[in-house]
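Undergrad: A predicted structure for the sequence below; I have some questions about it.
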Amino acid sequence: MAKIIKKGYQLEEEYYGVKQDEADKKTKNIRTLGKTVVAFIMIYTASIAVSVVVDIFSRVFIPLTVCLGFALMIIAIFECLRDNTLKYGDTDILVSGIYGERIAAEVLAALPDSYTIFQNVTVTYDNKKREIDNIIVGKSGVFIVEVKNHNGHIVGDLNDTYWTQHKVGHGGTPYANEMYSPVRQVGTQIYCLANYLRQNGANLYIEGMVYFVNESCLLSLTGSSAISVYSSFDGDTDQLYRQILSGNYNLDVRSINYICKLINQL
């Protein structure tokens, strides 16, 4: 089993940040709603007291106050519900990303003991800061594996900047989203990591891969690229293993340890 070193917890930190924001909003909204109710009760009580003296308040002002109070409460409740649902979509995306990372970790851990997998590595070069899901180091070379946990039907060309993701909503209505090409994403990651390693005396070619772990994600991609795209839906896991194990290098232990040291410093 390969050794896994987790360098960062970006998705987990974002997830807990979103959940904390939701909790803070909920607390704030409860306080706002409470203040609205208290204000309504005070105004309504004052109206009744005044109506004892002036009859017109009982016929005009009290009904108006009641209507205004209910309107304020409805608005407050609506705002509470709206604020509490603002982040649900973000939370779902983060949970999906975290789950995808865990699936990939289980898959990549099946590599031989001589391989090390660095997860969630942040590398900066030439004012470009990139977060890399997986960097794999072993005797066959260095590899980047970008993990995607998308579902639906993804259509595009490997050379395009954007692909199209076709999905079906909860109500059964089909819709499409534009997504940035993960092939382009990995290309930038390779550029940053390769230059960082070269600056520190480790000059080697880095192979890049994109791995769609969701078994319900269908890919329809055209064109060709040096960056491979694999899908659990198509049963490509064995091909991913083969590409890693049959890399371009035969690195010795000293070189592997030095590369791992450099990556561990990021």
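TA: Received it, and whenever you're ready, just let me know what you need.
Undergrad: So which elements touch the helix or strand hosting Arg242?
TA: Element membership for Arg242, per DSSP states H and E: helix 237-245. Applying 3 or more Cβ pairs under 8 Å, 6 or more residues apart in numbering; DSSP states H and E, one finds that helix 237-245 makes contact with strand 141-148, strand 206-212, strand 228-231. C-betas here are computed from N, CA, C, even on glycine.
Undergrad: try 10 Å
TA: If contacts are counted by 3 or more Cβ pairs under 10 Å, 6 or more residues apart in numbering; DSSP states H and E, helix 237-245 sits against helix 88-108, strand 128-138, strand 141-148, strand 206-212, strand 228-231.
Undergrad: As CSV, those with mean pLDDT and distance to Cys67 would be great.
TA: Below are the helices and strands packed on helix 237-245 laid out as CSV (pLDDT from 0 to 100; distance: least, Cβ to Cβ, whole Å):
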stretch, mean pLDDT, distance to Cys67
helix 88-108, 73, 32
strand 128-138, 93, 53
strand 141-148, 96, 52
strand 206-212, 96, 55
strand 228-231, 95, 58
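Undergrad: any idea of the mean pLDDT in the helix or strand following the helix holding Arg242?
TA: For helix 237-245, the succeeding helix or strand toward the C-terminus, using DSSP H and E, is helix 253-264. For helix 253-264, mean pLDDT rounds to 96.
Undergrad: re earlier: for the helices and strands packed on helix 237-245, which one sits closest to Ile5?
TA: Nearest to Ile5, of all those, is strand 128-138, at 9.4 Å by Cβ to Cβ.
Undergrad: Could you pull out the buried residues of that closest one?
TA: Residues Arg130, Ile132, Asp133, Asn134, Ile135, Ile136, Val137, Gly138 are the ones in strand 128-138 that count as buried (16 or more other Cβ atoms under 10 Å).
Undergrad: do the same with stretch 248-263
TA: With burial defined by 16+ other Cβ under 10 Å, the residues of stretch 248-263 counted as buried are Leu251, Ile256, Tyr258, Ile259, Cys260, Leu262, Ile263.
Undergrad: give the contact list for the closest residue to Asn200 other than its chain neighbours.
TA: Closest residue in space to Asn200, ignoring its immediate chain neighbours: Leu262 at 5.2 Å, by Cβ to Cβ, 6 or more residues apart in numbering. Neighbouring residues of Leu262 by Cβ atoms under 10 Å, 6 or more residues apart in numbering: Val137, Leu193, Tyr196, Leu197, Gln199, Asn200, Gly201, Ala202.
Undergrad: Name the nearest residue to the last one, sequence neighbours excluded.
TA: What it means is Ala202. In space, Ala202 is closest to Ile259, 5.3 Å off (Cβ to Cβ, 6+ apart).
Undergrad: Quick check: the one you found touching Gly141?
TA: Yes. Using Cβ atoms under 10 Å, Ile259 is in contact with Gly141, at 9.5 Å.
Undergrad: re the thing from before, would you format the helices and strands packed on helix 237-245 as CSV with distance to Lys167 included?
TA: Shown next, in CSV, are these (distance: least, Cβ to Cβ, whole Å):
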stretch, distance to Lys167
helix 88-108, 13
strand 128-138, 22
strand 141-148, 14
strand 206-212, 14
strand 228-231, 16
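Undergrad: To Tyr241, which of these lies closest?
TA: helix 88-108 (8.6 Å).
Undergrad: helix or strand right after that closest one?
TA: Scanning onward from helix 88-108 (DSSP H and E), the first element met is strand 116-125.
Undergrad: Low-confidence stretches in this protein?
TA: Along the chain, segments meeting pLDDT under 70 span 9-66, 68-70, 72-73, 75-95, 97.
Undergrad: ok, of the buried residues of strand 128-138, which one's closest to Asn149?
TA: Asp133 (10.7 Å).
Undergrad: and that closest one, what does it touch?
TA: By Cβ under 10 Å, 6+ apart, Asp133 lies in contact with 10-11, 97, 100-101, 104-105, 108, 117-121, 144-148, 182, 185-186, 189, 210-211.
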